[in-house]
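Engineer: Quick one, what's the 3D model for this:
(chains A and B)
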Amino acid sequence: MVASNQLQMQTYRLMLRIRKFEEEGTRLYKAGRIPGAYHASIGQEAAIVGACTALQAGDAMTGTHRSHGHPIGKGADLRALMAELMGKATGICKGRGGSMHLADNSVGIIGESAIVGGGIPLATGCGLSAKVRGVDQVTLCFFGDGAVNQGTFHESLNMASLWKLPVIYLCENNGYAITTSVARSHGQTDIAKRAESYGMPGATVDGQDVRAVYAATSEAVGRARRGEGPTLIEAKTYRFDEHQVGLFIRGEPYRLPSEVEEYRSSRDPLVAYRKWLQSEGVDESILTATEMEVANAVAAASKYADESPFPDRSTLYDDMYSTPLTAFASLDV
Amino acid sequence: MSTASQTAIPATGASSRMSYLDALVQAQIEEMDRDERVILMGEDIAVYGGGKVVERFDSKRVWSMPISEASFAGVGIGAAINGLRPIVDLSISSFIYLAADQIINQASKLRYMTGGQIKVPIVFRCCMYYGAALAAQHSDRPYPLFMNVPGLKIISPSSPADIKGLLKSAVRDDDPVLIFEDTKLWPAKGDVPDDADFLVPIGKAVVKREGSDVTVIAIAGAMRPAMEAAEALANEGISVEVIDPRTLKPLDMETMLHSIVKTGRLVIVENAHRLCSVAGEISAIASEQTFDSLKKPVQRLTAPDVHVPFSPPLEELLYPNKDKIIAAVRKIAG
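Structural biologist: So this is what the prediction gives:
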């Protein structure tokens, strides 16, 4: 259960911020305003926000290539995120990271790895540091169903269990690693069951139900803070859009249009949560006001990003090293 | 042997004679004593010279790793991002390939990719065990591969004092540093300053022997035969200047080019494979920047483009030795 009304409204706001940010980002991408590749989190908002809202301000997180939602879920400012997507100087990573690396360290994100499974050891080490330093900090590690088949998943979960590290491994299982389904790539399709083989608790939750994700994550966070070690949570969710905006995949469809339509029409996490809030007696005017506020924040972020300058040529070598190494900066820019 | 790095030791400070390996261990102990954020992570640490460290520090400072190189490299990186300063011992340097994804895709890139939001103060130790009949999967000298990665710093000094001073600098550095230790140097003895704050800066080469006719740049285990060759050549009236780059990334080209301009002749000696080696890089820069000073073609002495064979008589053929160095110097000395 969600603990308070304030948390309820914040949960709705954060989910909505992800949805509206992604809709605007998709629009800008299609309009050619965002370069590179665009992986939207639409459909997976509950899995993200349910987990993020179970954390505290000082907690850490790692994300993936599909990670616009993670910093937003942890409370990041939208303007620097949108500017980063456009490759602008005001971007959160000064235009060095882009869509697949939207890491905002000010909300605790230590990295977003576009190497599938690459962030799992980082989260594990982040937890090891908390244990060594004796600080009350947990690390939430997001990854997808595809990453479960990487060696880093196996190796890291073994270490986290061995040393009882304060890490929550949260698998956003959206059913498909690009076009490869879980059924076609996992010998054990019940991902949470893998936890048992590492000697840690595992839980499967409905990733479209933000309250269920929050409850499972809160329990795992409590366990981590008590020094009882890591948890593997599998949030069964669904990606409403294609793997990447504009991607055209030839041949037999890897998922049926009817399946996508079914999720869009009846398993939308925002629609479900809005209905629940209404059933709890939240006034329609409060919901509408929140929706207006989010729309304005996204519009402001879009405008800010659009009006921001691109990085200056002179900044090409910035942030390569703690102190600039002139020997490397020999390219005439 | 008398070296410039030894003359650089503060005259007032006491020093002790010790092996390269003991200097390396002492550097780790001093840094772990100095800063509680410094931790050591690795497999079977006590087996390969780390016994003193294991005895001195508790289990929160020394982490015995399962055989999971691909991930414990990343665990070290995550810990570094989150406030620690880990030394990750990858032991035999051929194992670094397992950890390479985390070192290259995460450690080297995260500062840049986050626009400087995070830093990765971490040290990776990699030991080069070639020449010991361990065959190709335990004998690599892989530093040239990692020199091609922006964002890393790489050190491979040849004297006990330099490994101590450079390892300590690496631990105090805010960027990821790879140390390629040449295990041939482990038993080599030298005078090492006792001062716990003795540092050798990253990115500074050292002239090990002054000379005027030919510049010989030798890396890691190639230093001993280079010095022996220089001594022998002096008896023939050929004056050889020997330089240890000590740091491979960034290369101290200023020191090296200064010498090349002076002598006009260059031999580079190393035990890595020939293609895209440090020797190749230094000779390219020498060609770009000192072309008019060069009197003869640059000579590269390296291991050939072939794997390390198990059989000792075959492996012996691979590496530049004193005689090969003498021959290369003579070839261009006239």
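Engineer: burial measure for the closest residue to B:Met41 other than its chain neighbours, as a count.
Structural biologist: Leaving aside its sequence neighbours, B:Met41 sits nearest to B:Trp63 (Cβ to Cβ, 6 or more residues apart in numbering or on different chains; 4.4 Å). (Glycine included, C-beta is placed from N, CA and C.) Counted by other Cβ atoms under 10 Å in any protein chain shown, the residues lying close to B:Trp63 total 21.
Engineer: Could you find the closest non-adjacent residue to residue 241?
Structural biologist: You didn't say which chain, so I picked chain A. A:Ala40 (4.9 Å).
Engineer: wrong one, I was asking about chain B
Structural biologist: Here the residue nearest B:Glu241, using Cβ to Cβ, 6+ apart, is B:Gly211, at 3.6 Å.
Engineer: now the strands for the stretch 151-300 of chain B?
Structural biologist: Ranges of strands in the stretch 151-300 of chain B, per DSSP state E, counting those that start in this stretch, are B:153-155, B:177-182, B:189-193, B:206-209, B:214-218, B:240-244, B:247-249, B:266-273, B:299-303.
Engineer: hmm, I was thinking of chain A
Structural biologist: Along chain A, counting by DSSP state E, strands occupy A:60-63, A:109-112, A:139-144, A:167-173, A:176-177, A:180-181, A:202-206, A:231-236.
Engineer: Compare those and give me the one nearest A:Gln278.
Structural biologist: Minimum separation from A:Gln278 across these (Cβ to Cβ) falls at strand A:202-206, 19.5 Å.
Engineer: Would you map the helices across the stretch 101-250 of chain B?
Structural biologist: For the stretch 101-250 of chain B, the helices defined by DSSP state H, counting those that start in this stretch occupy B:110-113, B:143-147, B:160-172, B:223-235.
Engineer: let me fix that: the stretch 1-150 of chain A
Structural biologist: In the stretch 1-150 of chain A, the segments counted as helices under DSSP H, counting those that start in this stretch are A:5-30, A:45-52, A:69-73, A:78-85, A:119-133.
Engineer: Name the nearest residue to the residue nearest in space to the middle of chain A, ignoring sequence neighbours.
Structural biologist: With distances taken as Cα atoms, centre = their mean, A:His70 lies nearest the centre of chain A, 3.0 Å away. Nearest non-adjacent residue to A:His70, counting by Cβ to Cβ, 6+ apart: A:Gly63, 4.0 Å away.
Engineer: gap between that neighbour and B:Asn105?
Structural biologist: Applying Cβ to Cβ, to the nearest Å, the value for A:Gly63 to B:Asn105 is 15 Å.
Engineer: that older thread, what about the residue nearest to B:Met41, helix or strand, and which?
Structural biologist: strand B:62-64 (DSSP states H and E).
Engineer: Tell me the helices and strands packed up against that strand.
Structural biologist: strand B:38-42 (3 or more Cβ pairs under 8 Å, 6 or more residues apart in numbering or on different chains; DSSP states H and E).
Engineer: Is any residue of whichever helix or strand comes after the strand it packs on near chain A?
Structural biologist: Moving toward the C-terminus from strand B:38-42, the next helix or strand (DSSP H and E) is helix B:51-56. No. Helix B:51-56 lies apart from chain A when judged by Cβ under 8 Å from any Cβ of the partner chain; the minimum separation is 15.6 Å.
Engineer: Determine the set of other helices and strands touching helix B:51-56.
Structural biologist: Helix B:51-56 sits against helix B:20-34, with contacts defined as 3+ Cβ pairs under 8 Å, 6+ apart.
Engineer: how about the helix it packs on: buried residues?
Structural biologist: For helix B:20-34, burial by neighbour count (16 or more other Cβ atoms under 10 Å in any protein chain shown) applies to B:20-32.
Engineer: repeat for stretch B:229-247
Structural biologist: Buried, per 16+ other Cβ under 10 Å, within stretch B:229-247: B:229-230, B:232-233, B:238-247.
Engineer: Now render these as TSV, adding distance to A:Ala297.
Structural biologist: What follows is the buried residues of stretch B:229-247, written out as TSV (distance: Cβ to Cβ, whole Å):
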residue	distance to A:Ala297
B:Ala229	70
B:Ala230	70
B:Ala232	76
B:Leu233	74
B:Ile238	75
B:Ser239	73
B:Val240	69
B:Glu241	65
B:Val242	64
B:Ile243	59
B:Asp244	58
B:Pro245	53
B:Arg246	53
B:Thr247	48
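Engineer: wait, which of those residues is closest to chain A?
Structural biologist: Checking the buried residues of stretch B:229-247 against chain A with Cβ to the nearest Cβ, the nearest one is B:Thr247 at 10.0 Å.
Engineer: so what's that closest one bridging to?
Structural biologist: As for beta bridges, B:Thr247 partners with B:Ile155 under DSSP bridges.
Engineer: And it, how far from B:Gly211?
Structural biologist: 22 Å.
Engineer: tell me the domain boundaries of chain B?
Structural biologist: According to automatic domain parsing, chain B comprises the domains B:16-193, B:206-333.
Engineer: Out of the ones you listed, indicate the one that is most buried.
Structural biologist: domain B:16-193 (a mean of 22; mean count of other Cβ atoms under 10 Å in any protein chain shown).
Engineer: Now do that one: distance to the chain's middle.
Structural biologist: With Cα atoms, centre = their mean, to the nearest Å as the basis, domain B:16-193 stands 11 Å off its chain's centre.
Engineer: Just the endpoints, please. Distance across it?
Structural biologist: End-to-end span of domain B:16-193 (Cα to Cα, to the nearest Å): 6 Å.
Engineer: which ones are touching residue 24?
Structural biologist: Looking at chain A here, since you left the chain open. A:Glu24 makes contact with A:Met82, A:Val298, A:Ala299, A:Ala301, A:Ser302 under the criterion Cβ atoms under 8 Å, 6 or more residues apart in numbering or on different chains.
Engineer: ah, I was thinking of chain B
Structural biologist: Neighbour list for B:Leu24: B:Gly49, B:Ile163, B:Lys164, B:Leu167, B:Glu181, B:Trp186 [criterion: Cβ under 8 Å, 6+ apart].
Engineer: any idea of the pLDDT on the closest residue to B:Ala333 other than its chain neighbours?
Structural biologist: Nearest-residue entry for B:Ala333: B:Ile238, 5.0 Å, with adjacent residues in sequence omitted and distances by Cβ to Cβ, 6+ apart. pLDDT for B:Ile238: 98.
Engineer: Please verify my assumption that B:Ile238 contacts B:Val214.
Structural biologist: Yes. Applying Cβ atoms under 8 Å as the test, B:Ile238 and B:Val214 come out as touching, 6.6 Å apart.
Engineer: Show me the common contact partners of those two, please.
Structural biologist: Residues touching both B:Ile238 and B:Val214 by Cβ under 8 Å, 6+ apart: B:Val329, B:Ala333.
Engineer: distance of B:Ile103 from B:Leu178?
Structural biologist: For B:Ile103, the distance to B:Leu178 equals 7 Å [Cβ to Cβ].
Engineer: no no, B:Tyr20
Structural biologist: 17 Å.
Engineer: Quick one: end-to-end length of stretch B:55-62, please.
Structural biologist: First residue to last in stretch B:55-62 (Cα to Cα) measures 10 Å.
Engineer: which residues are contacting it?
Structural biologist: A:131-132, B:29, B:32, B:36, B:38-41, B:45, B:50, B:53-54.
Engineer: and among the helices of the stretch 1-150 of chain A, the most buried is which?
Structural biologist: When the helices of the stretch 1-150 of chain A are compared using mean count of other Cβ under 10 Å, helix A:45-52 is most buried, at a mean of 31.
Engineer: Does it pack against any helices or strands, and if so which?
Structural biologist: helix A:5-30, helix A:69-73, strand A:139-144, strand A:167-173, helix A:210-225, strand A:231-236, helix A:269-279.
Engineer: anything in the fourth one sitting right up against chain B?
Structural biologist: No. Strand A:167-173 stays clear of chain B (Cβ under 8 Å from any Cβ), getting no nearer than 9.6 Å.
Engineer: now that strand: how far from the chain's centre is it?
Structural biologist: 10 Å.
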